[in-house]
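*Asks:* From the sequence below, what's the structure:
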Amino acid sequence: MKRIAILASADGLNADRLVEEFHDGNRVRIDIVLTDREDAGVIRRLEHRGVPVTFFPRKVWEEQPVQITELLSARKIDLVVLDGFEQSVPELLASCFAGRLLCIEVTRPETDTLRLTASLAGDDDDVIVDRYINMSDDNRTETEIVTEFYRQAVRVALHKLPAFEDASADASVTVPPPVPVSTDREWADRLRVPYNPEKVVEVPPPVPTEHAGGAYAANLNLQQNSQKLPQDVPPMPPNYLLWSVLALVFCCMIPAIVAVIFSAQVSSRYYRGDIEGSRRASRMAEIWIIVSFVLGVLSATLYVPMMLIN
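*Replies:* Next up, the predicted model:
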């Protein structure tokens, strides 16, 4: 289990998003939040999350930081994340958590550009994520971009942590795999829309692919195409199926059979999107109906005189 502590001084929006992301996991969890302000908004924000929020006066941060480091050590904290922390991080704390203290900086190099940098503080600060975002090309608000960057930075920082020892596990245990992201959150991130787990609705299953059953997929695609044709698609050509059947019964049989085959191809080609093929099948059905009718008339015309002669 990886345990994370957050140091926050303001409203704790990013801390709240991190708790939402990691607190219920069995590999990573937000273990405690520390603040240097008794009236910090993070206290009210996290009171319903079940995460302990501990207040230390600034005097303790400046003169007795050993109390803080002992608390974090007792809780076996693996990573410390700064979220708008206004107090200077004590040297003792920075030393104890060298390489495990995640600092995130948000700046504006230009009017419409955000630069987000995440680094692990130590002897030589290790920059793990450095990203430029053009606000004019991004539909998200600055708050949404920053909160998402916090989540990504924490994931990267967890992979940077060395192998840890656990009293109940072997010392060779490696860093846990990436924290899984729910399908709903991943789609929200890809579409760049706000994600609210309370408003997630159930969606129908995906359309089956070819390996899931060719006949079923073909039938489903035919139904979807017949119900959702674009408005600019011309109407389906006549299939002359009735006339083909009549020609088969009353006229010449062989060309009438060909006419029936082309009549059946009119609708199938049309709903597959082959408009030109549907038109050709319609014309061929009409031609073979005429051929069947002409041959039928000729046969009847010749048959009657031959019967009279005989």
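
*Asks:* Which stretches in the stretch 101-250 of the chain count as strands?
*Replies:* 101-110, 113-121, 126-134 (DSSP state E, counting those that start in this stretch).

*Asks:* Can you tell me the strand partners of the last one and which way each runs?
*Replies:* Meaning strand 126-134. strand 113-121 (antiparallel) (DSSP bridges).

*Asks:* List the buried residues of the partner strand.
*Replies:* Judged by neighbour count (16 or more other CB atoms under 10 Å), strand 113-121 contains these buried residues: 114, 116-121. Glycine gets a C-beta too; all of them are placed from N, C-alpha and C.

*Asks:* Distance to residue 62 and pLDDT for these - can I get that in a markdown table?
*Replies:* Listed next are the buried residues of strand 113-121 as a markdown table, based on distance: CB to CB, whole Å; pLDDT from 0 to 100:
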| residue | distance to residue 62 | pLDDT |
| --- | --- | --- |
| 114 | 32 | 85 |
| 116 | 29 | 88 |
| 117 | 27 | 90 |
| 118 | 26 | 89 |
| 119 | 24 | 87 |
| 120 | 24 | 89 |
| 121 | 18 | 84 |
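
*Asks:* Looking at the strands of the stretch 101-250 of the chain, which is nearest to residue 69?
*Replies:* strand 101-110 (11.7 Å; CB to CB).

*Asks:* Give the other helices and strands that that closest one contacts.
*Replies:* strand 79-83, strand 113-121, helix 142-160 (3 or more CB pairs under 8 Å, 6 or more residues apart in numbering; DSSP states H and E).

*Asks:* in the helix or strand just after the shortest one, what's buried?
*Replies:* Right, the one you point to is strand 79-83. Next helix or strand after strand 79-83 toward the C-terminus (DSSP states H and E): helix 91-96. Using 16+ other CB under 10 Å as the test for burial, helix 91-96 gives 93-94, 96.

*Asks:* Among the residues you listed, pick out the one closest to residue 20, please.
*Replies:* So of those, ranked by how close each gets to residue 20 (CB to CB), first place is residue 93, at 25.8 Å.

*Asks:* Give me the distance between that closest one and residue 16.
*Replies:* In this view, residue 93 and residue 16 are 23 Å apart by CB to CB, to the nearest Å.

*Asks:* same deal with residue 130?
*Replies:* 25 Å.

*Asks:* Where does pLDDT dip in the protein?
*Replies:* Along the chain, segments meeting pLDDT under 70 span 23-26, 123-124, 162-233, 304, 310.

*Asks:* for it, longest helix please?
*Replies:* Secondary structure of the chain per DSSP state H: the longest helix is helix 275-309.

*Asks:* can you pull the contacts of residue 135?
*Replies:* Applying CB atoms under 8 Å, 6 or more residues apart in numbering, we find residue 135 in contact with 112-114, 142.

*Asks:* rewinding a little: give me the more crowded residue out of residue 130 and residue 16.
*Replies:* It is residue 16, of residue 130 and residue 16, that has more neighbours when counted by other CB atoms under 10 Å, with 23 against 11.

*Asks:* Report the separation between the more buried one and residue 281.
*Replies:* Using CB to CB, we find residue 16 at a distance of 63 Å from residue 281.

*Asks:* likewise residue 147?
*Replies:* Taking CB to CB, one finds residue 147 at 57 Å from residue 281.

*Asks:* what bridges to the closest residue to residue 109 other than its chain neighbours?
*Replies:* With CB to CB, 6 or more residues apart in numbering as the criterion, residue 109 has its nearest non-adjacent residue at 5.4 Å, and that residue is residue 115. Beta-bridge partners recorded for residue 115 (DSSP bridges): residue 107, residue 132.

*Asks:* now residue 115: how far from residue 287?
*Replies:* 71 Å.

*Asks:* go on, residue 132?
*Replies:* In terms of CB to CB, residue 132 sits 66 Å off from residue 287.

*Asks:* which one of these two has more residues nearby?
*Replies:* residue 287 (15 against 11).

*Asks:* For residue 285, list the residues it contacts.
*Replies:* Applying CB under 8 Å, 6+ apart, we find residue 285 in contact with 239-241, 244, 259-260, 262-263, 266.

*Asks:* Scan these and report the most crowded one.
*Replies:* Of those, with other CB under 10 Å as the count, residue 259 tops at 29 neighbours.

*Asks:* isn't there a helix covering residue 51?
*Replies:* No: with DSSP: H, G, I helix; E, B strand; the rest coil as the criterion, residue 51 is assigned coil and is not in a helix.

*Asks:* That one touches residue 32, doesn't it?
*Replies:* Yes: Residue 51 lies in contact with residue 32 (CB atoms under 8 Å); the separation is 7.0 Å.

*Asks:* No further queries at this time; thank you.
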